[in-house]
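> Need coordinates for the following:
(one chain, ligands or ions: 1)
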Amino acid sequence: MTRHHKVAIAGSGLAALAAAARLHEQGVKDIAIYADGLGGTPYIAAINFVLPDNPYGDTPEQYAKDMLAAGYNIGNKELVREMAANTLRGYELLCRWGVTFAHNNDGSIKLRHVSGHTYPRSLCQTTNLIGVEIEKVMLKRLEEAGIEFHRHSVVVSLLKNDSGKIDGFTVIEEGKSGGEPYNVYAPVVVASWGGVGNLLGTSTYPDDVKGNTLGMAKNAGASLVDLEFIEFEPMVMMSPAGAVGEPCPTAMLGEGGYLLNSDGERFLLEVRPQGEAGAPKSLINHEIWKQVAKGKGNPHGGIWVDLRHIDVNILKAYPWFYNRLIQSGCDPKKELLEVGPMPHSFSGGIRIDSNYESDVPGLFAIGEACGGLHGACRCAGNAASQATLSGLLCAEGIMRTGELDRTVSEHPVVYNHDDSVRAKYLGELQKIAGHALGVYRNGTDLQAALEATQRIIDAPDTANDDLTAQTALAIHLIAKAALNRKESRGTHNRTDYPEQNPDYEKEFVY
Ligand SMILES: Cc1cc2nc3c(=O)[nH]c(=O)nc-3n(C[C@H](O)[C@H](O)[C@H](O)COP(=O)(O)OP(=O)(O)OC[C@H]3O[C@@H](n4cnc5c(N)ncnc54)[C@H](O)[C@@H]3O)c2cc1C
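You can find the predicted model right below:
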């Protein structure tokens, strides 16, 4: 089997949906989406847009400043300003495709104040997660508009021709017994396959985001940036068992919640006297780590969050969180919650230009698959905004490049799969990454990770399984980037280089 399209999109999360929607609006026909799940999108609670009637006097310029400041000034300024300048258009795109947002009783849009932002500018739904709403309404409308969805389809490699351009990708249908790999041809391929997934072991990511895609992009010749910046969600539930992995929204700090150590101290006030509300996630992670290092943490390696004094109706306005706690036998009105940092999203990825095209012609990257926007740390709710805006701006960039009219060439179908190789190496790779690439890192562990991943990359049997080889390469590159950055900045913390260093305020490309 072979398929041909004008645009082939890998992934069906928010970035993919936004790109497909905007391409369709511009009259592009023959768009197809290939994926085996919905990625992180259905879990999105907060999405930021600066709307003209923002009651706090917010502006796109302030939004750009907040993004750059939260990113420790190493986000790509041009891309950040472009994203912020188009914030309203991102909101309007979602509205045109049927997404609705929660309103206050007076009819104004409900805005929440989440980490890293000067003003409340985070939109939501209060009856369900906004990400569930987005997937539900947009998938249906896009299908009705003629976008092809190939579900249960996993992209396993990119097809690059002799002149260095991307001609499509190879796909397998997951779970289909006897499903043969086949090639999908398109002059425009959009990587919207999400972030690092479970490369580091336990995380908040769903299983369909595997992170091997970073290695796949590298194998196709794409340049990668900001690989050392993995976002750790600071307040993920560490107990009881039924709630482990559920992020306690940092918006709870904006609702009046606060963090406590084992002595019952509101330790964040020592470094942030104005209060916990709006505290950047990186700061929360650092301070939690310090409390744990001082022996003032909880038994699971985190701290506690106190929500007991918050009105129950406010807690219930986060139903996915409140209901999961109650169902797990934990009442946030009655008890302190054990929370701590876990890998959650990725600020690095494929390096892109202002059209969201990589330096391999024909390969575009959006959402968590691309890097450079968030710098060393992203503002809360901004992964979703970036997914929307990158999808929109990429769809418009594709029209400018002229790639749609390119003729593609045929390639042989090549796919190596060996379950015994996966069983042998994937668990070991997760252990290596989880140990070396946590919230705090050091040169000795990173060097060991670099060597251990290189050994697996070089092992003769690794070549028998593409997923394993790509996974090993992805972790190897992240370890290399983390080892090279000899400073502490944003989400990247080195115990051997605890200070921020101005020499590192430039782009490192891998
Ligand atoms: C629990 C949780 C809560 C979150 N909450 C928020 C929030 O409140 N606000 C916020 O801004 N961000 C949040 N995030 C982050 C946010 O979900 C992601 O950054 C966002 O969904 C990125 O959109 P995306 O389209 O780039 O990727 P995703 O939504 O992750 O979608 C990736 C897509 O790629 C597919 N895919 C993966 N590999 C392949 C492959 N090899 N071939 C084909 N398809 C592939 C996946 O199946 C999926 O369809 C949260 C993440 C998690 C995990």
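
> Neighbours of Pro60, how many?
17 (other CB atoms under 10 Å). Backbone N, C-alpha and C define where each C-beta goes, glycine included.

> OK, contacts around it?
Pro60 sits next to 50, 84-85, 87-88 when contact means CB atoms under 8 Å, 6 or more residues apart in numbering.

> Looking at those, which is nearest the ligand?
Using CB to the nearest ligand atom, Thr87 comes nearest to the ligand of these, at 13.3 Å.

> Write out the residues of the stretch 1-150 of the chain neighbouring the ligand.
10-16, 34-41, 43-47 (CB under 6 Å from any ligand atom).

> Try it again at 8 Å.
Residues of the stretch 1-150 of the chain lying near the ligand by CB under 8 Å from any ligand atom: 10-17, 34-48, 129-131.

> Of these, which belong to strands?
10, 34, 47-48 (DSSP state E).

> Nearest to the ligand: which residue in the stretch 301-450 of the chain?
Closest point on the stretch 301-450 of the chain to the ligand, by CB to the nearest ligand atom, is Gly367, at 2.1 Å.

> How many residues are close by that residue?
Count around Gly367 with other CB under 10 Å applied: 33.

> rewinding a little: just the buried members of the residues of the stretch 1-150 of the chain next to the ligand?
Buried residues within these, counting neighbours by 16 or more other CB atoms under 10 Å: 10-17, 34-48, 129-131.

> on that earlier part again, okay if I get the contacts of Pro60 as a markdown table plus secondary structure?
Formatted as a markdown table, those follow (DSSP: H, G, I helix; E, B strand; the rest coil):
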| residue | secondary structure |
| --- | --- |
| Val50 | coil |
| Ala84 | helix |
| Ala85 | helix |
| Thr87 | helix |
| Leu88 | helix |
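
> From those, pick the one nearest Asp306.
Ranked by distance to Asp306 (CB to CB), the contacts of Pro60 are led by Val50 at 31.3 Å.

> Could you tell me which residues make contact with the closest one?
Neighbours of Val50 in contact, by CB under 8 Å, 6+ apart: 58-60, 62-63, 84, 87-88, 121.

> mind putting those residues in JSON lines, distance to Gly197 and pLDDT included?
JSON lines is the format used below for the contacts of Val50 (distance: CB to CB, whole Å; pLDDT from 0 to 100):
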{"residue": "Asp58", "distance to Gly197": "33", "pLDDT": "96"}
{"residue": "Thr59", "distance to Gly197": "35", "pLDDT": "97"}
{"residue": "Pro60", "distance to Gly197": "32", "pLDDT": "97"}
{"residue": "Gln62", "distance to Gly197": "33", "pLDDT": "97"}
{"residue": "Tyr63", "distance to Gly197": "28", "pLDDT": "97"}
{"residue": "Ala84", "distance to Gly197": "28", "pLDDT": "98"}
{"residue": "Thr87", "distance to Gly197": "28", "pLDDT": "98"}
{"residue": "Leu88", "distance to Gly197": "32", "pLDDT": "98"}
{"residue": "Arg121", "distance to Gly197": "28", "pLDDT": "96"}
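
> Just flag the most distant two among those.
Among the contacts of Val50, Gln62 and Leu88 lie farthest apart (CB to CB), at 13.9 Å.

> Have a look at the two and say which one is more surrounded.
Between Gln62 and Leu88, counting by other CB under 10 Å, Gln62 is the more crowded of the two (18 against 13).

> Quick check: mean pLDDT of stretch 199-216?
The predicted model assigns stretch 199-216 a mean pLDDT of 92.

> Give the buried residues for it.
199-201, 203-206, 208-216.

> Equivalent analysis for stretch 249-256, please.
So, applying 16+ other CB under 10 Å, buried residues of stretch 249-256: 249-255.

> related to what we said a few turns ago, identify the farthest-apart pair in the ones in strands among the residues of the stretch 1-150 of the chain next to the ligand.
Tyr34 and Asn48, at 28.7 Å, using CB to CB across these.

> Take the ones in strands among the residues of the stretch 1-150 of the chain next to the ligand and write them to CSV, including pLDDT.
CSV is the format used below for those (pLDDT from 0 to 100):
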residue, pLDDT
Ala10, 98
Tyr34, 98
Ile47, 96
Asn48, 97
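
> Now, the buried residues of stretch 199-216 that are in helices?
The members of the buried residues of stretch 199-216 that map onto helices under DSSP state H are 213-216.

> Which ones, among these, also lie beside the ligand?
Within these, those near the ligand by CB under 8 Å from any ligand atom are 213, 216.

> where are the low-confidence patches of the stretch 301-450 of the chain?
Along the stretch 301-450 of the chain, no part satisfies pLDDT under 70.

> Enumerate the residues of it near the ligand.
344-346, 366-369, 380-387, 390-391.

> Mind checking which of those residues are in strands?
344-346.

> Tell me who's in contact with whichever residue of the stretch 201-350 of the chain sits closest to the ligand.
Going by CB to the nearest ligand atom, the ligand is nearest to Asp208 of the stretch 201-350 of the chain, at 3.6 Å. Residues in contact with Asp208, defined by CB under 8 Å, 6+ apart, are 35-39.

> List just the nearest of those to Ile475.
Nearest to Ile475 among those, with distances taken as CB to CB, is Gly39, at 19.7 Å.

> wait, the closest one sits on Gly11?
Yes. The pair Gly39 and Gly11 qualifies as a contact (CB atoms under 8 Å) at a distance of 6.4 Å.

> Now do the shared contacts for these two.
193-194.

> Confirm Leu158 sits in a strand?
Yes. Membership of Leu158 in a strand is supported by three-state DSSP.

> With adjacent residues omitted, what lies nearest to it?
Distances taken as CB to CB, 6 or more residues apart in numbering put Ala220 closest to Leu158, at 4.0 Å, once the chain neighbours are dropped.

> was I right about the one you found contacting Leu363?
Yes. Assessed by CB under 8 Å, Ala220 is found in contact with Leu363 at 6.6 Å.

> For the stretch 151-300 of the chain, what lies in contact range of the ligand?
Checking the stretch 151-300 of the chain against the ligand by CB under 8 Å from any ligand atom, the hits are 153-156, 171, 192-195, 197, 203-206, 208-210, 212-213, 216, 233, 245-247, 249.

> 6 Å instead?
So far as CB under 6 Å from any ligand atom goes, the stretch 151-300 of the chain lies against the ligand at 154-155, 192-194, 204-205, 208-210, 213, 247.

> Would you check how far apart His435 and Gly39 are?
As judged by CB to CB, to the nearest Å, His435 and Gly39 stand 26 Å apart.
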